[in-house]
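In: okay, here's the prediction I keep looking at, along with the sequence it came from:
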Amino acid sequence: MTEKCSDPRLASVEENYKRIAERVAQAAVRAGRQPQDVTLLAATKTVAPEYINHAIRCGLRFIGENRVQELLEKYDRIDFEAGVSAHMIGRLQTNKVKYIVDKVDCVQSVDSVKLAAEISRLSEKIGRRMPVLVEVNIGEEPNKGGVLPGMLEDFLEEIASLPGIQIDGLMAIPPICAEKTELCNYFSRMRQYFIDIGAKKIDNVSMNCLSMGMSSDYEDAILCGSTMVRVGSALFGQRIYP
Ligand SMILES: *Cc1c(COP(=O)(O)O)cnc(C)c1O
């Protein structure tokens, strides 16, 4: 009767969500962990709030936006009341931190001291400590964000003392790989950094979250140790850029 029921994209979001959530849980178990040890975050760039909200009705609790402007435009129309957290997963300019510091529960794309310091400063100002992940440029690709693996430890030590952030883990977007074994190498190296850094017990550095894996490879990522997958197109369909 209603238009909503006849929108095929809503139905497919629901189907996709259920299937992906199930696969995430199964991959966690195959990796020797509990289903609840792996978090499904929806990468929502270009997706209209009605579809995001439908995924939330299906059980989604984490969304990730890439652009500040887009997050702000959609923010008031997203049903956060269900206990939904928004993460920043895209490149973030230091001068835009002020717009999101009260809106997101994690910045996954921290890759410069300047950015970390600004998140810290503005978070402190509003009386919070912002969880952040350090993005690692695991493929050492020139045009990608992220800290180079060789710089990671020094970087962590440098930002660990900032009072308004809490370093919660690592994030990576590996290069596009023709071979699955090559991709799994990147994932496994990320997991090793995650474990090694966690073992160092640096003050204010906890390795709780290893964010890696997207639509085409989230099960592989989980098998290689991911604790959070960021899935976009497999959930919402192919992105239509305006
Ligand atoms: C778009 C995006 C994703 C999801 O990509 P899909 O291949 O559509 O699943 C994950 N992480 C980041 C940082 C993204 O920008």
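Out: Alright, I've got the coordinates. Numbering: from 1, shown residues only.

In: stretch 80-96 near the ligand at all?
Out: Yes - interface with the ligand: stretch 80-96 contributes 89-90 (CB under 6 Å from any ligand atom). C-beta coordinates here come from the backbone N, C-alpha and C atoms, glycine included.

In: and for stretch 42-54?
Out: Yes - judged by CB under 6 Å from any ligand atom, stretch 42-54 and the ligand are in contact via 43, 45.

In: give the buried residues for that stretch.
Out: 42-47, 49, 51-54 (16 or more other CB atoms under 10 Å).

In: scan the protein for its longest helix.
Out: helix 8-30 (DSSP state H).

In: which strands or helices does the helix or strand just after that helix pack on?
Out: Later in the chain than helix 8-30, the nearest helix or strand by DSSP states H and E is strand 39-43. Applying 3 or more CB pairs under 8 Å, 6 or more residues apart in numbering; DSSP states H and E, one finds that strand 39-43 contacts helix 8-30, strand 62-65, strand 228-231.

In: need those in JSON lines (columns: distance to residue 135).
Out: What follows is these, written out as JSON lines (distance: least, CB to CB, whole Å):
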{"stretch": "helix 8-30", "distance to residue 135": "22"}
{"stretch": "strand 62-65", "distance to residue 135": "12"}
{"stretch": "strand 228-231", "distance to residue 135": "12"}
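
In: out of these, which gets nearest to the ligand?
Out: The closest of the helices and strands packed on strand 39-43 to the ligand is strand 228-231. By CB to the nearest ligand atom, the value is 3.6 Å.

In: give me the contact list for the closest one.
Out: 20, 24, 38-43, 62, 64, 89, 209-215, 218, 221-222 (CB atoms under 8 Å, 6 or more residues apart in numbering).

In: now do 7 Å
Out: For strand 228-231, the external contacting residues (CB atoms under 7 Å, 6 or more residues apart in numbering) are 20, 24, 38-43, 64, 89, 209-211, 213-215, 218, 221-222.

In: before we move on, what about stretch 22-33?
Out: By CB under 7 Å, 6+ apart, stretch 22-33 touches 34-35, 37-38, 40, 218-219, 222-223, 229.

In: which one of these is nearest to residue 163?
Out: Comparing the contacts of stretch 22-33 against residue 163 with CB to CB places residue 37 closest, at 29.5 Å.

In: what is the neighbour count of that closest one?
Out: Residue 37 has 14 neighbouring residues, counting by other CB atoms under 10 Å.

In: contacting residues around it?
Out: So residue 37 contacts 28, 227 (CB under 7 Å, 6+ apart).
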